[in-house]
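Enquirer: fold the following.
(chains A and B)
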Amino acid sequence: MMRKLGLGSILFAVVVHILVISAAADIKNLMIWPMPLSVSYGHRFIQLSNEFVLKTESSNYPDASGIIKEGFSRLLDVIKVAHVVDANTSYVGPSPVLKGIQVVVLSPNDELQYGVDESYNLTIPDKGNPAYAYLTAKTVYGALHGLQTFSQACHLNFTTRTIEVHQVPWTIVDRPRFSYRGLLIDTSRHYLPLPVILKVIDSMAYAKLNVLHWHIVDTQSFPLEIPSYPKLWNGAYSSSERYTVADAAEIVRYAERRGINVLAELDVPGHAQSWGNGYPSLWPSKDCQQPLDVSDDFTFKVIDGILSDFSKIFKYRFVHLGGDEVDTSCWTLTPRISKWLKQHRLNGASAYEYFVLRAQKIALSHGYEIINWEETFNNFGNKLSPKTIVHNWLGGGVAQQVTAAGLRCIVSNQDKWYLDHIDTTWQDFYSNEPLTNITNSEQQRLVIGGEVCMWGEHIDGSNIETTIWPRAAAAAERLWSAYDNIAKNPNQITRRLAHFRCLLNQRGVASGPLTGGGRAAPEDPGSCYEQ
Amino acid sequence: MIIIITPHNTTHHTTPPHHNHIIYPISNNHSFNFVQKMSQFLLKALLHLLIFQLVNSRSLKSTIHNTNLDESLTYIWPLPSQFTSGNNTLTVNPNLTLDFTGNAGSGSVVVEEAFERYKKIIFKHGANKLAKAGDYYDVNRVTVIVHSDNDELQLGVDESYSLLVTKNNERSIIGGVSIEANSVYGALRGLETMSQLCIFYYGIKTVQIHKAPWFIQDKPRFAYRGLLLDTSRHYLPIEIIKQIIESMSYAKLNVLHWHIIDEESFPLEVPSYPNLWKGAYTKWERYTVEDAIEIVDFAKMRGINVMAEVDVPGHAESWGAGYPDLWPSPSCKEPLDVSKNYTFDVISGILSDMRKIFPFELFHLGGDELVGQLRHSSSNGNLPLLMFLKFRINVEIALACLSNQKMVQLQDHNMTAKDAYQYFVLRAQEIAISQNWTPVNWEETFNAFPSKLNPRTVVHNWLGGGVCPKAVAQGFRCIYSNQGFWYLDHLDVPWEEVYYVEPLEGIKNISEQKLVLGGEVCMWGETADASDVQQTIWPRAAAAAERLWSDKEATSSTNTTSAALQRLEYFRCLLTRRGVPAAPDSTLRLSVVYSLVLALFTVLLWCFVNVNKRKLDYLCKTSMLKDFGFGNISAQDASGVKSGKESRSLDKTFELNIPISLVT
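Expert: Numbers count the residues shown, from 1 in each chain, chains lettered A, B, ... in the order given. Next up, the predicted model:
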């Protein structure tokens, strides 16, 4: 008995070994982005049936709200977007036909939250009667990722005018390396119209990014409606450059249906000048309008009101409270506030700490955990709520210190992951390793992921897509794929990334060429796949 | 020098813009050469600097809050030919309904689908908020009346419409919005205008129409209002082409000139000659016949014609990838071999296949630049002189190529190379006419042999001004695309120049004016792909669109530059609200060019007059590099290159490459 088992397991090991080897050896021929955890594939193809169907009978997930059905219909849309599929039966040869995809979701729960299981297994057979692709996932959101992977394996056959899945049979086992894979958009420096944001969300799903960090408000403008303080959006650039509560809810709903969380940011106290257009008493004085008045309880009442309104719209576990780049000179220079500081035995630095910690408590009272930019940690890390996640941006090495202090961290070091730095190449984005110098596995677990930041000073609806893509995709693979699957030399995967870039173009996303940094125009005529 | 106003990305301003790999040679042996290179370098550094400042100054401008609209202006783009408005504000029911009267066939589908599209645009903010029973709205339905049963889309189809917006009241049965048009395509233009009147009002979260009642009577000034797309230099995915067609309808443009094929690639399937699309860049970068039909149908639903172009004989090298016989020789691949009947068989095959796809009566046969690779190479630098020289050289090369290879055959036919060019163009015209097309040719054909062209020919101007007057004087029809104004790949042409240019310039006689069909803005594709094509098209194409649609009087006398700019800015925001990546206006660009020229001269004078070479070397090596934002060039880069081999690479390393979106 033992002997048999032993033999079986040896055989099994050999089979697995062969599969792994074949996957590793052929990995260059795979045009899937981001690279799945493990893939084995063959060299045949199978044709998609004209009536390609979704089957969910054996799923535990009832799909009452239609998340899978919608995901499936989007799948059909994107695989047909590149060309007209006009299968002429006279063309059809004896090739095997894939009748549909069977999706099995194990959990009936479809709450989208931080840490939701995003794993999936996908098999696509090369024959069968009838043949079905088979997708299993713990949650509906894992299943959505599986559908994205499936869509990337589909191509038009220009002879038969049908869609084919290449390189069958497929067996894919996949899950993300990090549970937080973010993209920041900034609607304060430039207002981004609703269709633009929704399109960014669509494109994020193609790259399996899962957090839209919405930097809603900043110094320049306050575009969001806050019912508790209805004059706040007087700080919008113009009467039409605003988001209603219904708009924000639509963005959140739209993102959730695609497995993407929306992280709202309220950047206090240093990036909030626009608040005072509606409520001037939030300014230290007319001439000195930032940071928010620390001495007035009204300031914290407003924050409380905003976060209370937020909590009805933004269901993600975290809220981002900013806390970066606080210049406290307005506090010390305004006599009224300066007096208050003295009464409370505070100086600029300690008042900054007081402000951040008080804002943290308000957020906690609304059930949020807090994300703060790294300056808060750098200045008073030991005072932060243990529920704080520190958001790195200034440079490398911060995650190491943050996790050593037992706090969680999101990596966004600006030298590599700021998309507005248009001279940063995709190779730089790709090579940025969030766990650099973090060897302790406890500490590694505290790095929940990373985020690329599309700050909006030079970005509006006209150029946002070409500045985000393809560089955000490079970071997306770093955050999704297993460490061992990530190319040590990014130039090895240029072809695959170019392929993904062209796929984005086919789907109507204005991803730029790979040559040059961000937002570069193609220099010469040429193929998309070589630029 | 550089104003830092941005948190989070402060380092962005101190890092060098875009170019990390400037190899900087200092070599005493090549000092004269070096001064030249240095001035080149300075020019480019200055350009970087100026553009950088420009971008920053925009950011500063944008901190002004609550910019109010000048309510006296009419924010409809392009401006209707006649309109009156009032002082009422009407609310619009989110459950707006359509009441269509007219031909119940396919025409009603055109209108119904357009109505649904516009409803989505108008009510995008209220997606979740449906009208409740008992809510009162002033406008509850749109009545569309179309008189003609004919829904064929052709050149000169009646696009006029009248639009009436009034309050519902008991005495009037025509409450709400009513649009009356002779054809469904006029009705589409009316729906577009209506959609521009509907504004989401954030205060009460309702869509409103201000300044009602409106009475608008509108018609286009020109029948041909085109945009050229070039899918040979870069393949444009179908989804991108559809996005562009959709945006054209917002500006009431009505012809998509599809420059499908050129020397770089042949992306379209031609069933008669199935190897032709082997000339595509890759197998993925191709259009099937069904794809092309889909594009034509999609455009038709928006009242837009698709004019296909097959640019012969000078822009056709890619044809030979599938059929090498079409090349004069393997080493001389362009123009198409004039001496073989086979060449004309292929052209005939392509045209007959295309006839099944493109119902538009106009077909573009090209005929420009015997060798055309350099026509649009000026897109980055816009150096007209250089381009002109290159063009001349090209013609000579082309003629030489033709002569060397085929001289014997030509001589057999008693032909010079120029005769052969004429022979080719005219024979291609005959093929087109025999298949019931009206040929359109680039102006070189007219410039070279006007009396020989078929009288039905439409001459397509591009080289410069003054061509249409000559063409119409000889009875030809003409399309205006003067490259100095209407080539969108010329990034340094500001919107005012696009806007104020006049297609009828120099044509006094009214019957001759009628021969100018219209004009077209050209989006050549050398440096435009899916990622940047739309922000290069918009908003400047909109400036031309108003020139082509609106009455000349309305847009020149009552419409000052500042008023036009405000209206155009409004329209560009409307485009972005609809998801079209339209770039900010480029009013500041002209001043950049001037200050650049000025600064260049100052620097050169300074370098040559005041400073000896050693000092120049030193200064340039140290402080100036830093001043120009190249501060982190390593010491090794700045001093290490000595060998001739590296200095040969200079031209390449100094290549100027400004991201388009920075410039636009």
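Enquirer: list the buried ones in the helix or strand hosting residue B:299?
Expert: Assigned by DSSP states H and E, residue B:299 belongs to helix B:289-300. Neighbour counts over helix B:289-300 (16 or more other C-beta atoms under 10 Å in any protein chain shown) mark B:289-296, B:298-300 as buried. Bear in mind the C-beta positions are built from the backbone N, C-alpha and C, glycine included.
Enquirer: give me the contacts around that helix.
Expert: A:83-84, A:86, A:161, B:110, B:153, B:238, B:241-242, B:245, B:256, B:258, B:268-269, B:271, B:287, B:305-306, B:353, B:356-359 (C-beta atoms under 8 Å, 6 or more residues apart in numbering or on different chains).
Enquirer: and those residues, which are buried?
Expert: Looks like these have A:83-84, A:86, A:161, B:110, B:153, B:238, B:241-242, B:245, B:256, B:258, B:268-269, B:287, B:305-306, B:353, B:357-358 buried, using 16+ other C-beta under 10 Å.
Enquirer: determine the longest strand present in the chain.
Expert: Picked chain A for this. strand A:44-55 (DSSP state E).
Enquirer: not what I meant, chain B
Expert: Longest strand in chain B, counting by DSSP E: strand B:88-101.
Enquirer: following that strand, which helix or strand comes up?
Expert: Elements were assigned by DSSP H and E; along the chain past strand B:88-101, the next helix or strand is helix B:106-122.
Enquirer: wait, does that next one contact chain A?
Expert: No. Contact of helix B:106-122 with chain A (C-beta under 8 Å from any C-beta of the partner chain) is absent, the minimum separation being 9.2 Å.
Enquirer: tilt between that helix and strand B:88-101?
Expert: Calculated by axes from the mean of the first three to the mean of the last three C-alpha atoms, to 10 degrees, helix B:106-122 forms an angle of 150 degrees with strand B:88-101.
Enquirer: so which elements touch the next helix-or-strand element following the helix holding residue B:299?
Expert: The C-terminal neighbour of helix B:289-300 among helices and strands, as given by DSSP H and E, is strand B:305-309. Of the remaining helices and strands, those touching strand B:305-309 by 3 or more C-beta pairs under 8 Å, 6 or more residues apart in numbering or on different chains; DSSP states H and E are strand B:255-259, helix B:289-300, strand B:362-364.
Enquirer: including distance to residue B:499, could the ones you listed go into TSV?
Expert: Below are these laid out as TSV (distance: least, C-beta to C-beta, whole Å):
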stretch	distance to residue B:499
strand B:255-259	19
helix B:289-300	25
strand B:362-364	25
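Enquirer: Serialize the ones you listed to a markdown table and add fields for mean pLDDT.
Expert: Compiled in a markdown table, the helices and strands packed on strand B:305-309 are given as follows (pLDDT from 0 to 100):
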| stretch | mean pLDDT |
| --- | --- |
| strand B:255-259 | 98 |
| helix B:289-300 | 97 |
| strand B:362-364 | 98 |
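Enquirer: which of those sits closest to residue B:116?
Expert: Evaluated with C-beta to C-beta, these place helix B:289-300 nearest to residue B:116, the distance being 14.7 Å.
Enquirer: list the buried ones in stretch B:337-350?
Expert: B:337-339, B:343-344, B:346-350.
Enquirer: could you do stretch A:100-115 as well?
Expert: Quick answer for stretch A:100-115 (16+ other C-beta under 10 Å): A:100-107, A:110, A:112, A:114.
Enquirer: on the three-state scheme, residue A:381 is what?
Expert: Assigned with DSSP: H, G, I helix; E, B strand; the rest coil, residue A:381 falls in the helix class.
Enquirer: residues near it, how many?
Expert: 16 (other C-beta atoms under 10 Å in any protein chain shown).
Enquirer: and it, what pLDDT?
Expert: pLDDT for residue A:381: 95.
Enquirer: and the gap between it and chain B?
Expert: 20 Å (C-beta to the nearest C-beta, to the nearest Å).
Enquirer: not counting its neighbours along the chain, what's nearest residue 473?
Expert: I went with chain A, as the question did not name one. Distance criterion C-beta to C-beta, 6 or more residues apart in numbering or on different chains; nearest residue to residue A:473, sequence neighbours excluded, is residue A:207 at 4.8 Å.
Enquirer: wait, chain B
Expert: residue B:512 (6.4 Å).
Enquirer: check the secondary structure at the nearest residue to residue A:446 once chain neighbours are set aside for me.
Expert: Nearest residue to residue A:446 in three dimensions, chain neighbours excluded: residue A:403, at 4.1 Å (C-beta to C-beta, 6+ apart). In three-state terms, and counting by three-state DSSP, residue A:403 is helix.
Enquirer: what's the neighbour count on residue A:403?
Expert: Residue A:403, neighbours per other C-beta under 10 Å, totals 21.
Enquirer: okay, whichever residue of the stretch 151-300 of chain A sits closest to chain B and residue B:574: tell me how far apart.
Expert: Nearest to chain B in the stretch 151-300 of chain A, going by C-beta to the nearest C-beta, is residue A:195, at a distance of 3.4 Å. To residue B:574, residue A:195 is 12 Å away according to C-beta to C-beta, to the nearest Å.
Enquirer: same question for residue B:120.
Expert: On the measure of C-beta to C-beta, residue B:120 and residue B:574 end up 14 Å apart.
Enquirer: do residue A:425 as well
Expert: Residue A:425 is 35 Å from residue B:574, by C-beta to C-beta.
Enquirer: thinking again about what came up before, ok, now which ones touch the residue nearest to residue A:473?
Expert: A:33-34, A:472-473, A:476, A:500.
Enquirer: let's have these in a markdown table, adding pLDDT.
Expert: Formatted as a markdown table, these follow (pLDDT from 0 to 100):
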| residue | pLDDT |
| --- | --- |
| A:33 | 96 |
| A:34 | 97 |
| A:472 | 98 |
| A:473 | 98 |
| A:476 | 98 |
| A:500 | 97 |
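Enquirer: possible to save those as a markdown table with secondary structure?
Expert: Supplementary listing: these in a markdown table, determined by three-state DSSP:
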| residue | secondary structure |
| --- | --- |
| A:33 | coil |
| A:34 | coil |
| A:472 | helix |
| A:473 | helix |
| A:476 | helix |
| A:500 | helix |
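Enquirer: if we can go back for a sec, who has more neighbours out of residue B:120 and residue B:574?
Expert: Ranked by neighbour count (other C-beta under 10 Å), residue B:120 and residue B:574 place residue B:574 first, with 21 against 12.
Enquirer: any idea which helix or strand carries the more buried one?
Expert: helix B:561-577.
Enquirer: over to residue B:485?
Expert: Secondary structure assigned from DSSP H and E places residue B:485 in helix B:483-486.
Enquirer: buried residues, that helix. List them.
Expert: For helix B:483-486, by 16+ other C-beta under 10 Å, it's B:483, B:485-486.
Enquirer: residue B:565 contacts residue B:585, doesn't it?
Expert: Yes. With contact defined as C-beta atoms under 8 Å, residue B:565 reaches residue B:585; the gap is 6.8 Å.
Enquirer: list residues touching both of the two?
Expert: residue B:495.
Enquirer: near chain A, which residues of the stretch 401-550 of chain B?
Expert: B:525-532, B:534-535, B:538.
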